[in-house]
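1. give me a 3D structure for the following:
(one chain, ligands or ions: 5)
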Amino acid sequence: AQLTNDDVRNLAKEMGVKFIRLQFTDIFGVLKNVSITVEQLDKALNGELMFDGSSIEGFVRIEESDMYLRPDPATFVVFPWRPRDGGVARLICDIYNADGTPFTGDPRYVLKRVVAEAGEMGYVMNVGPEAEFFLFHVDNDGRPTTVTHDRAGYFDLTPVDLGEDARRDMVLTLEQMGFEIEASHHEVAPGQHEIDFKYADALDTADKVATFKFVVRTIAQRHGLHATFMPKPIFGIAGSGMHLNQSLTRNGMNAFYDPEAPQQLGETALYYIGGLLKHARAITAVTNPTVNSYKRLVSGYEAPVYMAWSSRNRSPLIRVPAKRGQSTRIELRSPDPSCNPYLALAVCLKAGLDGIKNRIQPPGPCDRNIYEMTEEERAQLDIGCLPVNLHEAVRELVKDGVIKEALGPHVYNRFLEAKDIEWDRYRTQVHPWELEEYLTKY
Ligand code: ADP
Ligand code: MG
Ligand code: MG
Ligand code: MG
Ligand code: MG
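-> Numbering: from 1, shown residues only. Ligands and ions are numbered 1, 2, ... in the order given. Take a look at the predicted model:
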């Protein structure tokens, strides 16, 4: 059941809440908080709380900086790790301009717009993310290291299951906050973990991803560990991805499932795949938005490099898991958890809808190991590559009108500006690898 403003008022009183954090996400996926006391809750629920938008990166300039927060009562939740007395709760907010119109630079609004477009076509998007992360030790000064508990257990007397304890606590906390946890396990790399929660509609899932990252970091800290969603913290071992499992429903029925079709995959599913593949290179700028993201998208670590789809193996960009009926879904394997979940879901959905509208037929499924093919074989099968770095990805975004439209001019322009600067800062640095490689050689 969806909570109303009245429910929120009553719950806050019943549960002894004293502080409420009003949360929203900036363009780069960073969670922002404005803390208020329960005495201001009414004002907040009425959307009368103002903040200075110019203090948020990628939002607005000083002269147009008065913005309003409108809390979504459905997102009310109490933080289980805070004291019962004088408790702390949060509300996720939409952002409005002073004139009462929605702020187009608000990532949540960007996603809502594409969700509405799907709605007009009769579709609801469901998404289940699989976010991976590393748990690292902190040094004596409390600074994060890249030493994992697995390896640290070697040297000092740290129990080997320090990370397992932290993960168990994360799962319990998330459950108390209304998450339905489907699985949680150690990943392939030392110190790497995955926690999967049940799919929901796109907006709910994007809210949950934002919450998830913040809960995982908070609980890790309480265990003396540092959790990072950085895509590739250590060279030579697997990076952290965030596969996005996606499906559409129509009138409550899975729109990808067709019992009569080959592989029981309906036209809608194929067109959705066609749209995702067509826009994959531009989408990557949003789903893999950091310089470091592209250190993960290399061969040898189960991360995708080539743009193909398959129902059999896990090497291509898009996998269609074997489950059918209501569970029919496609899994996009490129995204990583450094993405802004609102923007990432918005561009994926937009690409899929474009596929459906324009009946974009994907190439046939590729069930062979693409990494073992020659370049000619890949060319014959029309299998292209994902962008190899942030610069290339951003250039693809610039060329893709459909994906630009999904972001809207405000977010697109600010994103582009920021990513060009990020790339330039990286490009002009002299990295340790270069010194090692060239300092004595030349
Ligand atoms: P994998 O086999 O890739 O490791 P997981 O079991 O870890 O997959 O995660 C599967 C994810 O897909 C879960 O979040 C699950 O809730 C989600 N999922 C299941 N059915 C659907 C569906 N119909 N639409 C979208 N997501 C779904
Ligand atoms: Mg998984
Ligand atoms: Mg699994
Ligand atoms: Mg995994
Ligand atoms: Mg997966």
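2. C-alpha only now, for contacts and for neighbours.
-> Will do.
3. mind checking how far residue 220 is from residue 10?
-> 31 Å (Cα to Cα, to the nearest Å).
4. the two: which has the busier surroundings?
-> More crowded of residue 220 and residue 10, by other Cα atoms under 10 Å: residue 220, with 23 against 11.
5. that one: which element?
-> Assessed by DSSP states H and E, residue 220 sits inside helix 202-222.
6. packing partners for that helix?
-> helix 107-120, strand 124-138, helix 162-176, strand 225-228, helix 341-357 (3 or more Cα pairs under 8 Å, 6 or more residues apart in numbering; DSSP states H and E).
7. only C-alpha atoms, please: export stretch 183-200 in PDB.
-> These are the backbone C-alpha positions of stretch 183-200, laid out as PDB (Å, rounded to 0.1, in the frame of the first residue of the first chain):
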ATOM      1  CA  ALA A 183      20.100 -13.500  -2.800                       C
ATOM      2  CA  SER A 184      23.400 -12.300  -1.300                       C
ATOM      3  CA  HIS A 185      26.700 -13.900  -1.900                       C
ATOM      4  CA  HIS A 186      30.400 -13.500  -2.100                       C
ATOM      5  CA  GLU A 187      31.500 -12.600  -5.600                       C
ATOM      6  CA  VAL A 188      34.500 -14.000  -7.600                       C
ATOM      7  CA  ALA A 189      37.000 -11.500  -6.500                       C
ATOM      8  CA  PRO A 190      38.400 -11.400  -2.900                       C
ATOM      9  CA  GLY A 191      36.400  -8.900  -0.900                       C
ATOM     10  CA  GLN A 192      33.700  -8.600  -3.500                       C
ATOM     11  CA  HIS A 193      30.000  -9.100  -2.700                       C
ATOM     12  CA  GLU A 194      26.600  -9.000  -4.400                       C
ATOM     13  CA  ILE A 195      23.200  -8.400  -2.800                       C
ATOM     14  CA  ASP A 196      20.100  -8.900  -5.000                       C
ATOM     15  CA  PHE A 197      16.700  -7.500  -4.200                       C
ATOM     16  CA  LYS A 198      13.400  -8.200  -5.900                       C
ATOM     17  CA  TYR A 199      12.500  -6.300  -9.000                       C
ATOM     18  CA  ALA A 200      10.000  -3.500  -8.900                       C
END
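8. now it: mean pLDDT?
-> Mean per-residue pLDDT for stretch 183-200: 91.
9. next, the buried residues of it.
-> Judged by neighbour count using 16 or more other Cα atoms under 10 Å, the buried positions of stretch 183-200 are 184, 186-187, 189-197, 199-200.
10. repeat for stretch 415-433
-> 415, 416, 419, 423.
11. do stretch 168-180 as well
-> 169, 170, 171, 173, 174, 177, 179.
12. for these, give me TSV that also has distance to ligand 1 and pLDDT.
-> Output for the buried residues of stretch 168-180, formatted as TSV (distance: Cα to the nearest ligand atom, whole Å; pLDDT from 0 to 100):
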residue	distance to ligand 1	pLDDT
169	19	95
170	16	97
171	14	97
173	18	97
174	14	98
177	17	96
179	11	97
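13. could the residues you listed go into JSON lines alongside distance to residue 313?
-> Putting these into JSON lines (distance: Cα to Cα, whole Å) gives the following:
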{"residue": "169", "distance to residue 313": "33"}
{"residue": "170", "distance to residue 313": "31"}
{"residue": "171", "distance to residue 313": "29"}
{"residue": "173", "distance to residue 313": "34"}
{"residue": "174", "distance to residue 313": "31"}
{"residue": "177", "distance to residue 313": "35"}
{"residue": "179", "distance to residue 313": "29"}
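14. what secondary structure does residue 184 sit in?
-> Three-state assignment for residue 184 (DSSP: H, G, I helix; E, B strand; the rest coil): strand.
15. quick check: bridge partners of it?
-> Per DSSP bridges, residues listed as beta-bridge partners of residue 184: residue 195.
16. quick one: low-confidence ranges for the stretch 1-150 of the chain?
-> 1, 62-64, 149-150 (pLDDT under 70).
17. redo that, cut-off 80
-> The model of the stretch 1-150 of the chain has pLDDT under 80 over residues 1, 56-65, 149-150.
18. what sits against the residue positioned nearest the centre of the chain?
-> Using Cα atoms, centre = their mean, the residue of the chain that lies closest to the mean C-alpha position is residue 341, 3.4 Å off. By Cα atoms under 8 Å, 6 or more residues apart in numbering, the contact set of residue 341 is 29, 206, 207, 209, 210.
19. between those, which is nearest ligand 1?
-> Nearest to ligand 1 out of those is residue 209 (Cα to the nearest ligand atom; 11.1 Å).
20. nearest residue to the closest one in space, please, no chain neighbours.
-> Nearest residue to residue 209, sequence neighbours excluded (Cα to Cα, 6 or more residues apart in numbering): residue 341, at 6.5 Å.
21. then residue 176?
-> Per Cα to Cα, 6+ apart, closest to residue 176 is residue 80, 6.9 Å.
22. how deep is the one you found tucked in, by neighbour count?
-> The burial count for residue 80: 16, using other Cα under 10 Å.
23. try residue 329
-> 27.
24. when you give positions from now on, start the count at 31
-> Sure thing, new numbering starts at 31, so read that last one as residue 359.
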